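Participant: the sequence and its predicted three-dimensional model are supplied below.
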Amino acid sequence: MIVAERPSPSSEGPGYHLRAPLRAPDQFDCFSCWKFTSHWSSLPLLTDFGAQPVRERVVQDGRVITGGGVTAGIDFALRVVAELAGEEQAQLIALGLEYAPQPPFSGDPWTAPGERWR
């Protein structure tokens with residue numbers, strides 16, 4: 001899971017603090033206050049920390065943005081850029097990356113064929 005956390009209003013400085021799985025979920029200011037997403041295989045584990053798991057590629061809830069999965073990381077990064085520098089800048093980056101996903105197979109465990117993913 002990748003987390004971008006906007007500092008509390010009393011903190012100085014603009015932007016977000018990026019957090020990786022190295023930070024324990026219970027160290028967030030209010031883990032149970034927000035909706036989170038993560039890689040589908042670890043999504044159920046979020047409830048162990050009192051979080052509200054959401055089956056989305058990117059979730060923005062209040063001052064926290066989370067992303068799950070590998071390609072969702074690009075979606076996540078573009079969302080953070082849009083928050084910090086505006087949608088136009090995020091669109092320019094997407095264009096520069098030639099980001100137009102067209103996967104040949106479903107990578108969504110809830111729609112992929114087979115029961116083993118559910």
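Facilitator: Perfect, I can see it now.

Participant: from here on, just use CA atoms for contacts and neighbour counts.
Facilitator: Noted.

Participant: which residues are contacting stretch 83-101?
Facilitator: Applying C-alpha atoms under 8 Å, 6 or more residues apart in numbering, the contact partners of stretch 83-101 are 15, 78, 79, 81, 82.

Participant: what's the most distant pair in the residues you listed?
Facilitator: Farthest pair in the contacts of stretch 83-101 (C-alpha to C-alpha) is 15 and 78. Separation: 14.0 Å.

Participant: who's more crowded, these two?
Facilitator: residue 78 (20 against 15; other C-alpha atoms under 10 Å).

Participant: just read off the phi/psi values of the residue nearest to residue 82 when sequence neighbours are not counted.
Facilitator: Closest residue to residue 82 apart from its sequence neighbours, by C-alpha to C-alpha, 6 or more residues apart in numbering: residue 90 at 5.2 Å. Backbone torsions for residue 90, taken as degrees, to the nearest 10, come to phi -60, psi -40.

Participant: ditto for the one 10 residues further on
Facilitator: Comment: the main-chain dihedrals of residue 100 come out as phi -150, psi 70, following degrees, to the nearest 10.

Participant: neighbours around it, how many?
Facilitator: Residues near residue 100, counting by other C-alpha under 10 Å, number 8.

Participant: pLDDT score for it?
Facilitator: Note on residue 100: pLDDT of 89.

Participant: cool, and residue 83?
Facilitator: pLDDT for residue 83: 88.

Participant: element containing it, please.
Facilitator: Assigned by DSSP states H and E, residue 83 belongs to helix 72-85.

Participant: with residue 40 instead?
Facilitator: Counting by DSSP H and E, residue 40 is part of no helix or strand.

Participant: list the contacts of it.
Facilitator: 55, 68, 69, 109.

Participant: reformat those residues as CSV; add neighbour count and pLDDT.
Facilitator: Listed next are these as CSV, based on neighbours: other C-alpha atoms under 10 Å; pLDDT from 0 to 100:
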residue, neighbour count, pLDDT
55, 15, 89
68, 26, 83
69, 18, 80
109, 14, 79
